[in-house]
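# Provided below are the primary sequence and the corresponding predicted coordinates.
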Amino acid sequence: MSSVSLFEYFEKIADPRRPAGTRYTLASILALIVAAVLCGRTSLRSIARRGKTLTPEQLLALGIRRKRAPGQTAMHELLCRLPATEVENVLGAWVNELASAQPSRQIVLDGKTLRASAGSEYPALHLLAAYCPRVSGVLSQLPADGKDNEITAAKTMLKTLPVKGAVVTGDAMFCQRAFCENISQKGGDFLFIAKENQPALLKDIEAAFAPSLSPKGKHGQGKGADAPRDGGKKARPGRVPKS
């Protein structure tokens with residue numbers, strides 16, 4: 001596991017607020033939000049209510065040195081000013097460090113369309129994520145221009161993913177020579193599905209795993225499968241071969 005805590009990674013995010021009048025650090029507010037979400041709170045209002053129930057000792061463990069937790073307004077104003085990309089990069093770096101310490105890990109490439117993200121003037125948001133089941137965390141996440149363009153986002157993502165010593169998996173879209181060679185050059189392995197988008201490769205795989213053919217063209221009758229046991233002479237129907 002990583003020797004660096006998530007709180008220390010939060011401290012790397014630049015605080016967009018002015019220092020004057022700041023009562024809670026950025027890292028402490030984010031730590032409170034994460035702790036509340038892990039407890040099942042899904043809105044800022046419920047997170048703020050959860051913060052009010054914490055003891056001074058619990059608040060101190062989250063980096064809050066005041067006797068009470070920040071309110072909903074303080075959290076809302078901070079989140080509105082935080083650059084989402086910077087927060088995602090910091091979270092991804094923390095998960096990357098966790099994943100890098102795990103041997104025989106898997107990295108899953110998968111794209112999903114964000115529910116209820118479409119509007120009257122813009123399409124739904126489609127995201128490609130690199131997920132590590134070993135640490136139950138997303139290593140990286142990038143927007144993709146629809147399902148058919150996930151490979152473009154994957155090539156960009158591969159520049160920073162810790163693929164060395166890992167097995168990268170995904171659907172048939174990622175079964176491309178240049179992309180697979182890039183993974184191998186970085187010290188990783190890959191396991192992708194071959195479909196009709198790679199007809200020559202698919203044909204070679206089917207031929208490699210097809211049943212063996214005998215000279216007569218029958219499946220499963222290789223040399224010695226049904227060979228006669230009487231020195232090369234086949235027995236006639238109804239007669240017992242001579243010993």
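Sure, I can see it. Numbers count the residues shown, from 1 in each chain.
# So the spatially most central residue of the chain: helix, strand or coil?
Closest to where the C-alpha atoms of the chain average out (C-alpha atoms, centre = their mean) is residue 131, at 1.4 Å. At residue 131 the chain is in strand, as set by DSSP: H, G, I helix; E, B strand; the rest coil.
# For the residue nearest to it when sequence neighbours are not counted, list the residues it contacts.
Excluding the flanking residues, the one nearest residue 131 by C-beta to C-beta, 6 or more residues apart in numbering is residue 108, at 4.6 Å. In this view, the C-beta of every residue, glycine as well, is placed from N, C-alpha and C. By C-beta atoms under 8 Å, 6 or more residues apart in numbering, the contact set of residue 108 is 130, 131, 132, 133, 169, 170.
# Surely residue 168 forms part of a strand?
Yes - counting by three-state DSSP, residue 168 is located in a strand.
# I figured it hits residue 186, correct?
No - Residue 168 lies out of contact with residue 186 (C-beta atoms under 8 Å); the separation is 9.5 Å.
# pull the longest strand from the protein.
When every strand of the chain is counted residue by residue (DSSP state E), the longest turns out to be strand 105-113.
# Could you tell me the angle between it and strand 166-170?
Angle, strand 105-113 to strand 166-170, by axes from the mean of the first three to the mean of the last three C-alpha atoms, to 10 degrees: 30 degrees.
# Show me which positions of strand 105-113 end up buried.
Buried residues in strand 105-113, counted by 16 or more other C-beta atoms under 10 Å: 105, 106, 107, 109, 111.
# Show me how far it is from its chain's centre.
In this view, strand 105-113 has its centroid 4 Å away from the chain centroid, taken as C-alpha atoms, centre = their mean, to the nearest Å.
# Check stretch 198-217 too.
The answer for stretch 198-217 is 33 Å, by C-alpha atoms, centre = their mean.
# Check stretch 172-181 too.
17 Å.
# cool, stretch 58-78 as well?
32 Å.
# May I see the buried residues of it?
Neighbour-count burial for stretch 58-78 [16+ other C-beta under 10 Å]: 59, 62, 63, 64, 69, 70, 74, 75, 78.
# Could I have the ChimeraX command that selects the buried members from the contacts of residue 108?
Applying 16+ other C-beta under 10 Å to the contacts of residue 108, the buried members can be selected in ChimeraX as follows:
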select :130,131,132,169,170
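# any chance of the contacts of residue 108 in JSON lines, plus distance to residue 16?
Below are those laid out as JSON lines (distance: C-beta to C-beta, whole Å):
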{"residue": "130", "distance to residue 16": "27"}
{"residue": "131", "distance to residue 16": "29"}
{"residue": "132", "distance to residue 16": "30"}
{"residue": "133", "distance to residue 16": "34"}
{"residue": "169", "distance to residue 16": "38"}
{"residue": "170", "distance to residue 16": "36"}
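# nearest to residue 146, of the contacts of residue 108?
residue 170 (16.1 Å; C-beta to C-beta).
# can you pull the pLDDT of the closest one?
pLDDT, residue 170: 93.
# Bridge partners for it, pull those for me.
residue 192 (DSSP bridges).
# Do a quick rundown of the helices in this protein.
Counting by DSSP state H, the chain has helices at residues 6-10, 26-38, 44-52, 56-61, 72-81, 84-100, 150-157, 177-185, 199-208.
# what sits up against the second one?
Outside of helix 26-38, the residues within contact range by C-beta under 8 Å, 6+ apart are 6-7, 10-11, 13, 15, 17, 46-47, 50-51, 62-64, 69-70, 74-75, 78, 82.
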